[in-house]
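Asks: sequence first, predicted coordinates after that:
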Amino acid sequence: MRYEAPETIEGAVKLLAGGGPRGRVLAGGTDLLVQLRASMIAPELVVDIKRIDETREIREEGGRLVIGAAVTGAELGEHAAAKAMWPGVVESAELIGSTQIQGRASLAGNLCNASPAADTVPALVAAAAQCRIAGPGGVRRLPVEEVCTGPGQLSLDDGEFVVAFEFPERPPHSADAYLRFIPRTEMDIAVVGAGVSLSFDDSGRCAAARVALGAVAPTVILVEEAGRALVGTECDDAALQNMAAAASAACRPIDDKRGTVEYRTKVAGVLATRAAKIAAQRAKGAR
Amino acid sequence: MAKAHVTTTVNGDPVEFLCDAEQTLLDVLRDELYLTGSKEGCGSGDCGACSVIVDDRLVCACLMLGVEAEGHSIETIEGMANGDQLHPLQTKFLEHAALQCGVCTPGILVAAKSLLERNPDPTEIEVRYWLAGNLCRCTGYDKIVRAVLDTAQEMRGG
Ligand SMILES: Cc1cc2nc3c(=O)[nH]c(=O)nc-3n(C[C@H](O)[C@H](O)[C@H](O)COP(=O)(O)OP(=O)(O)OC[C@H]3O[C@@H](n4cnc5c(N)ncnc54)[C@H](O)[C@@H]3O)c2cc1C
Ligand code: FES
Ligand code: FES
């Protein structure tokens, strides 16, 4: 195995697109090293992107938040401005693993490991975040929900990698939230995860809503029906019930020791409701 | 494949080593630098026995490559005592009998040190969450948590 740590985006693209065997991107390594050591993967080239400045920064670009691909959960949790703008995204990142894992784990690694249960992905999808992707053809943007196509499967082309996440502008009275269900309080894989992002108009009606679910389908899903059930309402109990029904209806989960199909389907609606209530409360407290 | 040449700081001293790209930081610490205080309990990020501090962040040395250490500063359990003088956490762990076999202890001490550097007055809940990635299979967590809280109090001058 060869290890390279380029300092520029172009350098990384050149290595990854090198024509040889496909290289693996290394961010925090909390998934990659586990897979390497279990001999699940045996890459000939590992490209560490952490020495590229753009992957390490949290910035505001014209009122929009941009989070570097390799920013760690711990760094995100300490960033007051990011937390104020996207509390749901930050809380999803802070749920990953232990203190030690927090010191390394990144958003892009969580997304590109392509687990259906990845904690930050429903929050990123609800937030309508886009990936800034660099590759041999230049830079392109892709909504987060279009990056994974199945467990372990990505829509990225050879030589491409995620440089950063771009978030939309935040209108007043907006907030997001993420909740996951696990059988213990720490260090476990989500049985269901739910991310909700809401915006309200000045009269208190929901102007925009996005609901995304994790661990209930081969990829994280954006449930547009569930969002629509809230738009135009005050997110009262009846609207929340419709939203929960739409969320549950969209589930296509697996049966395993963590939860049955029936259980996951039901919990998806419950969690989405709770996350929506938290997001609504936060939005009322926001600007 | 030629070995990589890596320049780092370990426990305040400049250190250079050669390693293969596959070697983890934990492999390097133990097998190349003979700093065997950091333990391998699981090798998969679950147990925390390999905890070290890299540029002021607590990490699992088993989930970092040795080559990634280039230019960074690493603190291990070997740097915790000052010569013969134990760190207050080490003294309190002995006083509270917060260890039995000791395999988890170096990782827990390093993790607790990193907590107290950030938060000199943690609550019991904060200590338990901070140490959630450090497993102990024999002592049980109460003595460990009490030793950490007692150290914090002593270091605050109380
Ligand atoms: C003990 C433990 C507990 C964990 N707990 C949780 C948890 O609670 N919730 C959860 O969701 N996950 C959890 N994880 C999994 C893991 O920590 C997360 O998925 C983490 O976010 C991965 O980020 P990373 O930076 O370490 O990724 P890496 O391991 O560096 O990379 C992961 C994958 O993504 C690819 N990749 C990385 N960055 C990019 C990029 N910029 N562009 C393209 N591809 C890229 C890599 O090639 C690799 O295939 C846990 C892991 C461990 C070891
Ligand atoms: S050996 Fe590193 S966490 Fe267990
Ligand atoms: S003292 Fe044996 S594992 Fe903790």
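Replies: Sure thing, it's come through. Numbers count the residues shown, from 1 in each chain, chains lettered A, B, ... in the order given. Ligands and ions are numbered 1, 2, ... in the order given.

Asks: quick one, helices of the chain?
Replies: Using chain A here. In chain A, the segments counted as helices under DSSP state H are A:9-16, A:32-37, A:73-77, A:80-85, A:87-94, A:99-102, A:107-112, A:120-126, A:224-228, A:237-249, A:261-285.

Asks: actually chain B
Replies: Secondary structure of chain B, counting by DSSP H: helices at B:25-27, B:88-95, B:105-118, B:124-130, B:141-155.

Asks: for those helices, which one sits closest to A:Arg132?
Replies: helix B:25-27 (29.8 Å; C-beta to C-beta). The way it works is simple: take the backbone N, C-alpha and C, and place the C-beta from them, glycine included.

Asks: what's in contact with that closest one?
Replies: Defining contact as C-beta atoms under 8 Å, 6 or more residues apart in numbering or on different chains, one finds that helix B:25-27 is touched by B:19, B:38, B:40, B:43, B:50, B:52, B:54, B:60-62, B:64-66, B:68-69, B:74.

Asks: of the residues you listed - the most surrounded one?
Replies: Neighbour tally across the contacts of helix B:25-27 (other C-beta atoms under 10 Å in any protein chain shown): the maximum, 34 neighbours, falls on B:Cys60.

Asks: what does the pLDDT read for the residue positioned nearest the centre of chain A?
Replies: What sits nearest the mean C-alpha location of chain A, by C-alpha atoms, centre = their mean, is A:Val121, with 2.2 Å. We have a pLDDT of 98 for A:Val121.

Asks: need phi/psi at the residue of chain B at minimum distance from chain A.
Replies: Nearest residue of chain B to chain A: B:Gly133, at 2.3 Å (C-beta to the nearest C-beta). When read as degrees, to the nearest 10, the backbone of B:Gly133 gives phi -90, psi 10.

Asks: ok, now which ones touch it?
Replies: A:97-101, A:187, B:45-48, B:51, B:60, B:111.

Asks: now swap in A:Ala17 and tell me
Replies: Residues counted as contacts of A:Ala17 (C-beta under 8 Å, 6+ apart) are A:135-136, A:158-159.

Asks: neighbours of A:Glu225, just the number please.
Replies: The burial count for A:Glu225: 14, using other C-beta under 10 Å.

Asks: any idea how far the closest residue to it other than its chain neighbours is from A:Arg51?
Replies: Leaving aside its chain neighbours, A:Glu225 sits nearest to A:Ala246 (4.0 Å; criterion: C-beta to C-beta, 6 or more residues apart in numbering or on different chains). To A:Arg51, A:Ala246 is 44 Å away according to C-beta to C-beta, to the nearest Å.

Asks: contacting residues around A:Gly28?
Replies: A:Gly28 sits next to A:70, A:72, A:104-106, A:109, B:63 when contact means C-beta under 8 Å, 6+ apart.

Asks: one step back: make sure the residue nearest to the centre of chain A is actually in contact with A:Cys112.
Replies: No. Assessed by C-beta atoms under 8 Å, A:Val121 is found out of contact with A:Cys112, at 10.1 Å.

Asks: and the pLDDT for the most centrally placed residue in chain B?
Replies: Nearest to the mean C-alpha position of chain B, counting by C-alpha atoms, centre = their mean, stands B:Val110 at 3.2 Å. Per-residue pLDDT puts B:Val110 at 98.

Asks: excluding sequence neighbours, find me the nearest residue to it.
Replies: Nearest non-adjacent residue to B:Val110 (C-beta to C-beta, 6+ apart): B:Ser51, at 4.7 Å.

Asks: contacts only, for that neighbour.
Replies: Counted by C-beta under 8 Å, 6+ apart, B:Ser51 has contacts A:100, B:38, B:58-61, B:106-108, B:110-111, B:133-134.

Asks: would you reformat those residues as TSV and include distance to ligand 1?
Replies: Formatted as TSV, the contacts of B:Ser51 follow (distance: C-beta to the nearest ligand atom, whole Å):
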residue	distance to ligand 1
A:Gln100	8
B:Ser38	17
B:Leu58	13
B:Val59	11
B:Cys60	8
B:Ala61	13
B:Pro106	18
B:Gly107	13
B:Ile108	16
B:Val110	17
B:Ala111	14
B:Gly133	7
B:Asn134	11
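
Asks: relative to B:Thr7, which of those residues is nearest.
Replies: Ranked by distance to B:Thr7 (C-beta to C-beta), the contacts of B:Ser51 are led by B:Ala61 at 17.6 Å.

Asks: please verify my assumption that the closest one contacts B:Leu29.
Replies: Yes. Look at B:Ala61 against B:Leu29 with C-beta under 8 Å: they come within range, at 6.1 Å.

Asks: who touches both of these two?
Replies: With C-beta under 8 Å, 6+ apart, B:Ala61 and B:Leu29 have common neighbours B:38, B:52.

Asks: give me the residue ranges of the chain where confidence is low.
Replies: No chain was given, so I picked chain A. Low-confidence segments of chain A, defined by pLDDT under 70: A:19-21, A:186-187, A:286-287.

Asks: wait, chain B was what I had in mind.
Replies: In chain B, residues with pLDDT under 70: B:1.

Asks: now stretch B:122-134: buried residues?
Replies: By 16 or more other C-beta atoms under 10 Å in any protein chain shown, the buried positions in stretch B:122-134 come out as B:122, B:127-134.

Asks: oh, that last question was meant for stretch A:9-21, not what I typed.
Replies: Applying 16+ other C-beta under 10 Å to stretch A:9-21 flags A:9, A:11-13, A:15-17 as buried.

Asks: any idea how far that stretch is from the middle of the chain?
Replies: Taking C-alpha atoms, centre = their mean, to the nearest Å, the mean C-alpha location of stretch A:9-21 is offset from the chain mean by 25 Å.

Asks: which ones are touching residue 147?
Replies: With no chain named, the answer covers chain A. The contact partners of A:Val147, by C-beta under 8 Å, 6+ apart, come to A:111-112, A:114, A:131, A:154-156, A:162.

Asks: actually chain B
Replies: Contacts of B:Ala147 (C-beta under 8 Å, 6+ apart): B:89, B:92-93, B:95-96, B:98.

Asks: got it, and A:Pro253?
Replies: A:Pro253 makes contacts with A:192, A:215-217, A:259, A:261, A:264-265, A:268, as judged by C-beta under 8 Å, 6+ apart.

Asks: at 10 Å what do you get?
Replies: A:116, A:191-192, A:213, A:215-218, A:259-265, A:267-268 (C-beta atoms under 10 Å, 6 or more residues apart in numbering or on different chains).

Asks: cool, thanks, signing off.
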